[in-house]
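Chemist: Sequence and predicted model, in that order:
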Amino acid sequence: MLLTRIKGPRDLDRLSQEELVQLAAEIRSFLVDAVSKTGGHLGPNLGVVELTIALHRVFDSPKDKVLFDTGHQAYVHKLLTGRQDFGNLRSKGGLSGYPSRAESDHDVIENSHASTVLGWADGLAKANEVLGREDHHVAAVIGDGALTGGMAWEALNNIAAAKDRPLVIVVNDNERSYGPTIGGLANHLATLRTTDGYERFLARGKELLERTPVVGKPLFETLHGAKKGLKDFIAPQGMFEDLGLKYIGPIDGHDLDALESALQRAKRFSGPVIVHCLTQKGRGYTPALEHEADRFHAVGVIHPDTGLPVKTAAASWTSVFADEMVKIGHERPDVVGITAAMLHPVGLNKFAEAFPDRIYDVGIAEQHGATSAAGLATGGVHPVFAVYATFLNRAFDQVLMDVALHKCGVTFVLDRAGVTGDDGASHNGMWDMSILQVVPGLRLAAPRDAEQLRAQLREAVEVKDAPTVVRFSKGVVGPAVPAVGRIGGMDLLRAPAPEVTRPDVLLVSVGALAPMCLEIADLLDKQGISTTVVDPRWVKPVDEALAPLADRHRVVVTVEDNGRAGGVGSAVSQALRDAGVDVPLRDFGIPQRFLDHALRKEILAEIGLTAPDIARQVTGLVAKLDGRYDSEPATAVD
């Protein structure tokens, strides 16, 4: 196999065109076989095989910087840079599903949040200029979906201002992000794709000129790089050139010869150039091409021949939300849905099917989505903006200054909150309950099970004068956790024995960690430690009944699937201080560090967020109090 001979990008230089075609086929077979066993981003990588080969033949990585926006299409890049062990892809100790600086010098950026690559490229090109590195190049690959993000256009505006600073921007145009790309830019790119007069003109010219000895190829190259006037006459790509960016394309993104030719011309140019490549997401794999929803953007473990899941998926948090949204939609004609290019992943596809006139896909533009939601609310409807928890970070200013300041009734539904695991540091939703604590008036719910998700979603959309947030985990929803009583607005999940006059521990359970918190209480009970377990349901604001309840216990413990800094534990601690309740408090959550990719349960074990770990520490705390309780007052424990 040719693939096994590729230890680095320069090994590509020795291959003939026929061998490169064979290599592309081998890479696609490898990807289908490997990703079907582990799960991962399959469709995007099948679409960029030839493009990635051409990039590494034209540019000299790592001296030249080859950057990938988002990074979920970097599997081919990994294969060509010496990383062909995909056996533990996205698992602990294995390859990351995104570029990773820890893996290779060929990986430059790894944040995997969309629309950022052009900002990175602009900075790297400026650094080359400042340091006089004229033999260094920067090539940034960005999809048409990522180009819907505002950050991309902020970067383009700056890149275009420097007409003599070399930078190659490769637009990987497959008409999709997760699903089909939408918006004005998508329409413009569609025009470029479908206006084929220019390409027919070039094809006829190429055929004629190739018959002309000596000067034929140079003349064709000149024609293919013709100035804006000729190209505008045949294909309206002027939007890019009006910004001051030279434009090459559209190029067949699966034609290695055409790709190399275009990239070589772009590399030689002394300023910023856009190379517009047309690719096919899921290329070469029939099950992906026939999957209209997202062309196998991301898959679990599947049968490689059929593309069907190996296991039947159990009910997920997302599916519970999806079904309840449809029910609410039938009852409330004023409820609308908003998604940032992820209609299916966040579960709004069912709502879209039922109410096609009440769904808005804003593209990869969370900031715009939040402010547009404020406008919708001001106009008299109630928007539900469903987004991954990690991506809400990008719209914080809009949540604060547009939605909250204006007291707009907008509901944000945060999917994949807490530790998500296999997608790595950038996808863990461990920030939301910290950053949202500072937003005045915002109310935040953390459902513990499917029943509570349905109930709290309905409570959220009833709020008309403030933003509401409902956050839930990734994956399968757990079993129902019934309440045994109610204290204020909190659910009582476990009460100590009636004869206990002052229980030892008040355990505040946040969201989906309720089963674990009940397990902690069982372990404490075996140590003779009495425990009350409550679920606040709405963790912001802190329930008024919590402080007096805490005052009747010896120790308060909070457990949350969120960063410890500024999270629910911090809010509870402040509420107790404000109420003059001097009870020791210990908060358990996610440490403030970027977590490597691994299974969720592996990460929880690594950070000590498990029932045995927490029970052991709480037992030690209570024992310490017992040893000094009669001789000195208890002090707060961090």
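Modeler: That came through fine.

Chemist: For Arg416, give me phi and psi.
Modeler: Main-chain torsions, Arg416, degrees, to the nearest 10: phi 60, psi 40.

Chemist: for Val299, same thing?
Modeler: Dihedral angles for Val299 - degrees, to the nearest 10 - are phi -130, psi 160.

Chemist: Give me the pLDDT for the residue nearest to it when sequence neighbours are not counted.
Modeler: Nearest residue to Val299, sequence neighbours excluded (Cβ to Cβ, 6 or more residues apart in numbering): Leu42, at 5.2 Å. C-beta: built from backbone N, CA, C; applies to glycine. Looking at Leu42, its pLDDT reads 90.

Chemist: name the element the residue nearest to Gly418 when sequence neighbours are not counted belongs to?
Modeler: Nearest residue to Gly418, sequence neighbours excluded (Cβ to Cβ, 6+ apart): Asp561, at 3.2 Å. Using DSSP states H and E, Asp561 maps to strand 555-563.

Chemist: quick one: buried residues of that strand?
Modeler: Neighbour counts over strand 555-563 (16 or more other Cβ atoms under 10 Å) mark Val555, Val556, Val557, Thr558, Val559, Glu560, Asp561, Asn562, Gly563 as buried.

Chemist: Please apply the same query to stretch 146-159.
Modeler: Ala146, Leu147, Thr148, Gly149, Met151, Ala152, Trp153, Ala155, Leu156, Ile159.

Chemist: Val273 versus the last one, what's the distance?
Modeler: Read that as Ile159. 10 Å (Cβ to Cβ, to the nearest Å).

Chemist: Over to the first one?
Modeler: With distances taken as Cβ to Cβ, Ala146 is found 18 Å from Val273.

Chemist: Over to the second one?
Modeler: Plainly put, Leu147 is 16 Å away from Val273 if you go by Cβ to Cβ.

Chemist: For burial, what's the neighbour tally of Asn88?
Modeler: Residues lying near Asn88 (other Cβ atoms under 10 Å) number 11.

Chemist: surely it meets Gly94?
Modeler: Yes: with contact defined as Cβ atoms under 8 Å, Asn88 and Gly94 form a contacting pair (2.6 Å).

Chemist: Mind giving me the packing neighbours of the strand holding Asp561?
Modeler: If you count contacts as 3 or more Cβ pairs under 8 Å, 6 or more residues apart in numbering; DSSP states H and E, strand 555-563 packs onto helix 432-435, strand 505-509, helix 514-526, helix 568-578, strand 585-590, helix 611-628.

Chemist: who touches the fourth one?
Modeler: Same thing as helix 568-578. 433-434, 437, 446, 508, 510, 536, 539-540, 542, 546-547, 550, 556, 558, 560, 562, 564, 582-583, 585, 587-589, 636 (Cβ atoms under 8 Å, 6 or more residues apart in numbering).

Chemist: Extract the CA atoms of that helix and return them as CSV.
Modeler: Extracted in CSV, the C-alpha atoms of helix 568-578 (Å, rounded to 0.1, in the frame of the first residue of the first chain):
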residue,chain,number,x,y,z
VAL,A,568,-22.9,26.7,41.5
GLY,A,569,-20.7,26.0,44.6
SER,A,570,-19.4,29.5,44.6
ALA,A,571,-22.9,30.9,44.2
VAL,A,572,-24.2,28.8,47.1
SER,A,573,-21.2,29.8,49.3
GLN,A,574,-21.9,33.5,48.6
ALA,A,575,-25.6,33.0,49.4
LEU,A,576,-24.8,31.4,52.7
ARG,A,577,-22.4,34.3,53.6
ASP,A,578,-25.0,36.8,52.7
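
Chemist: from here on, count from 6
Modeler: Taking 6 as the first residue, the last one we looked at is helix 573-583.

Chemist: Output the buried residues of strand 560-568 in TSV; the columns should cover distance to Glu139 and pLDDT.
Modeler: Formatted as TSV, these follow (distance: Cβ to Cβ, whole Å; pLDDT from 0 to 100):
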residue	distance to Glu139	pLDDT
Val560	65	97
Val561	62	97
Val562	60	98
Thr563	57	97
Val564	56	97
Glu565	52	96
Asp566	50	94
Asn567	48	94
Gly568	44	93
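
Chemist: Out of those residues, flag the one nearest to Arg621.
Modeler: Nearest to Arg621 among the buried residues of strand 560-568: Val562, at 12.4 Å, using Cβ to Cβ.

Chemist: surely that closest one meets Ser514?
Modeler: No: under the criterion of Cβ under 8 Å, Val562 is not in contact with Ser514, lying 9.4 Å apart.

Chemist: In this protein, where is pLDDT below threshold?
Modeler: 181-244, 633-643 (pLDDT under 70).

Chemist: starting at the chain centroid, how far to the helix ranked longest in the chain?
Modeler: When the chain is parsed with DSSP state H, its longest helix is helix 22-43. Put simply, helix 22-43 sits 26 Å off its chain's centre (Cα atoms, centre = their mean, to the nearest Å).

Chemist: Restricting the selection to alpha carbons, write it to PDB.
Modeler: The C-alpha coordinates for helix 22-43 follow below in PDB (Å, rounded to 0.1, in the frame of the first residue of the first chain):
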ATOM      1  CA  GLN A  22      -0.200  11.400 -10.600                       C
ATOM      2  CA  GLU A  23      -1.400   7.900 -11.000                       C
ATOM      3  CA  GLU A  24       0.000   7.000  -7.600                       C
ATOM      4  CA  LEU A  25      -1.600  10.000  -6.000                       C
ATOM      5  CA  VAL A  26      -5.000   8.900  -7.300                       C
ATOM      6  CA  GLN A  27      -4.300   5.500  -5.900                       C
ATOM      7  CA  LEU A  28      -3.300   7.100  -2.600                       C
ATOM      8  CA  ALA A  29      -6.500   9.000  -2.400                       C
ATOM      9  CA  ALA A  30      -8.500   5.800  -2.800                       C
ATOM     10  CA  GLU A  31      -6.500   4.100  -0.100                       C
ATOM     11  CA  ILE A  32      -7.000   7.000   2.300                       C
ATOM     12  CA  ARG A  33     -10.800   6.800   1.800                       C
ATOM     13  CA  SER A  34     -10.800   3.100   2.400                       C
ATOM     14  CA  PHE A  35      -8.700   3.600   5.500                       C
ATOM     15  CA  LEU A  36     -10.900   6.300   6.900                       C
ATOM     16  CA  VAL A  37     -14.100   4.300   6.400                       C
ATOM     17  CA  ASP A  38     -12.600   1.200   8.000                       C
ATOM     18  CA  ALA A  39     -11.000   3.100  10.900                       C
ATOM     19  CA  VAL A  40     -13.700   5.500  11.800                       C
ATOM     20  CA  SER A  41     -16.400   2.900  11.600                       C
ATOM     21  CA  LYS A  42     -14.700   1.100  14.500                       C
ATOM     22  CA  THR A  43     -14.200   4.200  16.700                       C
END
